[in-house]
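1. generate coordinates for the sequence data below:
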Amino acid sequence: MQLAAEVKKKDQSEQISQKEEFNRLLKKYDGLLNVKDAQRRGYDLQDLLNEAFELCGVKMRKPFTRNENGEQIDGALSFESWYYLVECR
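-> Below is the predicted model:
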């Protein structure tokens, strides 16, 4: 019984921590409105998106370029044998 209570308490603590992290990301997102440099704002959005996916347990591939640096992919992930490219705007 004590072990079950400890596990439940740990789960509740992790949920609170996750909620705090989402709130931190929301504040970071709101702060992007103050970034005047559009390119910097875009890179910051990419970072924020990667943090959000990581928080949800989704492994993202970091931004990369393809076609001899002709095209930048903001991120990629796989889910149930499908691959998805991520574009931040």
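2. need phi/psi at Ala38.
-> Note on Ala38: backbone dihedrals following degrees, to the nearest 10 are phi -60, psi -40.
3. before we move on, what about Ser78?
-> Here is the backbone geometry of Ser78 (degrees, to the nearest 10): phi -120, psi 140.
4. how many other residues sit next to it?
-> For Ser78, the count of nearby residues is 12 (other C-beta atoms under 10 Å). C-beta: built from backbone N, CA, C; applies to glycine.
5. same thing with the one 5 residues further on?
-> Number of residues near Tyr83 (other C-beta under 10 Å) recorded here: 9.
6. hey, where'd the helices end up in the protein?
-> Taking DSSP state H as the criterion, the chain carries its helices at 2-31, 38-55.
7. so which bits of the shortest one are buried?
-> Translated: helix 38-55. Neighbour-count burial for helix 38-55 flags Arg41, Gly42, Asp44, Leu45, Gln46, Leu48, Leu49, Asn50, Glu51, Ala52 (criterion: 16 or more other C-beta atoms under 10 Å).
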